[in-house]
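Asker: no sequence on this one, just coordinates:
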């Protein structure tokens, strides 16, 4: 009984700091907050360029229970050839981009399939309400949402924003 009480005293008093810091590490998590690219406006405040949410579809064929059925499901929703998807699954069994910049409605249909090994990740796409003619002056962004030409490139440091951090807390 004395040995048990000494062990309790050792853990609760002497090693209190060690276990307290371990508990803090398990409860806190720092998460990177990606910056949102700003809208490009004209002098009257009308939007010349803005971001819309789209989704990237990726697949991990090794995690799929039935790759053939997954290829058929993805092919029907995304209007892709299921045979070609199956060949891609065989060539790249660990990770494969299936489609990029998929509209939210299509992404919802994919989510409703509940296919194991198919993943959706939100991303943004730049939209130019004035059309392709205005894109010549306004410029464009690449897949990483960085300005590559025109005003988008010139104003990139201002439009890009700054990344930040958030601390998430979990409880019992």
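Answerer: All right, it came through fine. Here the structure is a predicted model, which means the values were calculated and not measured.

Asker: For residue 164, give its distance to residue 35.
Answerer: Applying Cβ to Cβ, to the nearest Å, the value for residue 164 to residue 35 is 7 Å. (Glycine included, C-beta is placed from N, CA and C.)

Asker: mind listing the strands for this structure?
Answerer: Per DSSP state E, the chain carries strands over the ranges 28-33, 40-41, 47-59, 96-102, 118-127, 140-141, 147-149, 164-169.

Asker: which of those is buried the deepest?
Answerer: strand 140-141 (a mean of 20; mean count of other Cβ atoms under 10 Å).

Asker: For residue 15, find the nearest of the strands of the chain.
Answerer: strand 28-33 (20.1 Å; Cβ to Cβ).

Asker: hang on, the earlier thing: which one of the strands of the chain lies nearest to residue 14?
Answerer: strand 28-33 (24.1 Å).

Asker: In the chain, where is pLDDT below threshold?
Answerer: Residue ranges of the chain with pLDDT under 70: 172.

Asker: And the helices in it?
Answerer: All helices of the chain, identified by DSSP state H, fall at 2-9, 16-27, 67-78, 82-91, 104-113, 132-138, 150-154, 156-160.

Asker: orientation of the third one relative to helix 82-91 in degrees?
Answerer: Same thing as helix 67-78. Compare the direction of helix 67-78 with that of helix 82-91 by axes from the mean of the first three to the mean of the last three Cα atoms, to 10 degrees and you get 130 degrees.
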